[in-house]
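[1] Turn this into a structure:
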Amino acid sequence: MLTKIIKIISVLFFFLLAACAPHPRAASELPVDDEAKAVEAKPVAEQERETAKVSSWEISGAMAAKSKNKAWSASLNWLQRGINNYQMRLFGPLGSGTVIIEKKGGTVTYRDGPKTASSRNASELLLKQTGIRLPVNNLYYWVRGLPAPGSVQGEKRDRYNHLSQLKQGGYVINYARYTSVKGKDLPSKIYLQGHGLSIKLVIRSWKI
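    Residues are numbered from 1 along each chain as shown. Prediction:
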């Protein structure tokens, strides 16, 4: 059960190749890629409007999760087609199998080998299958470097007005690096901590 919990946590975020660093540096302290350097900083409102236009994507990357008892890493493929259609596919280490969380319309389906379960609420499905509470719908925003709708406890911006740290829903999300994709700056390294979890996502490729 512990192994499955770690797998599902890893699928959902982002949020990983190595063990999570306890104190990641802010994005403003790290270099951005050459294309992003050439772009002037945009006002925050404009930056968020442009980023919000990215509603469909395919992410390829690696992720790692760390809890009190175990650390684990795997590869991730995340296909998103608007807010209500996605598939997150986690490829386990050493060929241990694939875990999938998929949403089509109003139904979310969880698959782990022959095991399949469905619900209309992704967070409740995750809780029932793994015992983990995670605001699944927020990931649609967080992975793009945007606050999710609702209360925000705090945020920081880098010198390019990228979101470098977000506090929301009991989690602290640090954005350590951005990359420019078709003129839009999107996160390529994310750390998420909260509720006893540390999660790292390294995004190798954004397709939008």
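
[2] Low-confidence stretches in the chain?
    The chain contains residues with pLDDT under 70 at 1-39, 93-96, 130-133.

[3] so where do the helices sit in it?
    Counting by DSSP state H, the chain has helices at residues 2-11, 34-37, 44-52, 122-130, 139-142.

[4] Next, the buried residues of the third one.
    Right, the one you point to is helix 44-52. Neighbour counts over helix 44-52 (16 or more other C-beta atoms under 10 Å) mark Gln47, Glu48, Thr51 as buried. C-beta: built from backbone N, CA, C; applies to glycine.

[5] what packs against that helix?
    Using 3 or more C-beta pairs under 8 Å, 6 or more residues apart in numbering; DSSP states H and E, the elements in contact with helix 44-52 are strand 184-194.

[6] now the angle from the strand it packs on to helix 44-52?
    With axes from the mean of the first three to the mean of the last three C-alpha atoms, to 10 degrees defining the directions, strand 184-194 sits at 90 degrees from helix 44-52.

[7] Need the buried residues of helix 44-52 in CSV (columns: distance to Ser60).
    Formatted as CSV, the buried residues of helix 44-52 follow (distance: C-beta to C-beta, whole Å):
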residue, distance to Ser60
Gln47, 24
Glu48, 25
Thr51, 19
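
[8] Now flag whichever of those is closest to Met88.
    Checking the buried residues of helix 44-52 against Met88 with C-beta to C-beta, the nearest one is Thr51 at 20.1 Å.

[9] I figured the closest one hits Trp142, correct?
    No. Counting by C-beta atoms under 8 Å, Thr51 stays clear of Trp142, with 11.6 Å between them.

[10] count of neighbours near Gln153?
    Residues lying near Gln153 (other C-beta atoms under 10 Å) number 11.

[11] which phi and psi does it have?
    Backbone geometry at Gln153, expressed as degrees, to the nearest 10, gives phi -80, psi -20.

[12] With adjacent residues omitted, what lies nearest to it?
    Leaving aside its sequence neighbours, Gln153 sits nearest to Lys167 (C-beta to C-beta, 6 or more residues apart in numbering; 4.0 Å).

[13] Contacts only, for that neighbour.
    Lys167 sits next to Val152, Gln153, Gly154, Glu155, Ile173 when contact means C-beta atoms under 8 Å, 6 or more residues apart in numbering.

[14] Of the residues you listed, which is the most crowded?
    Counting neighbours by other C-beta under 10 Å, the top entry in these is Ile173, with 28 neighbours.
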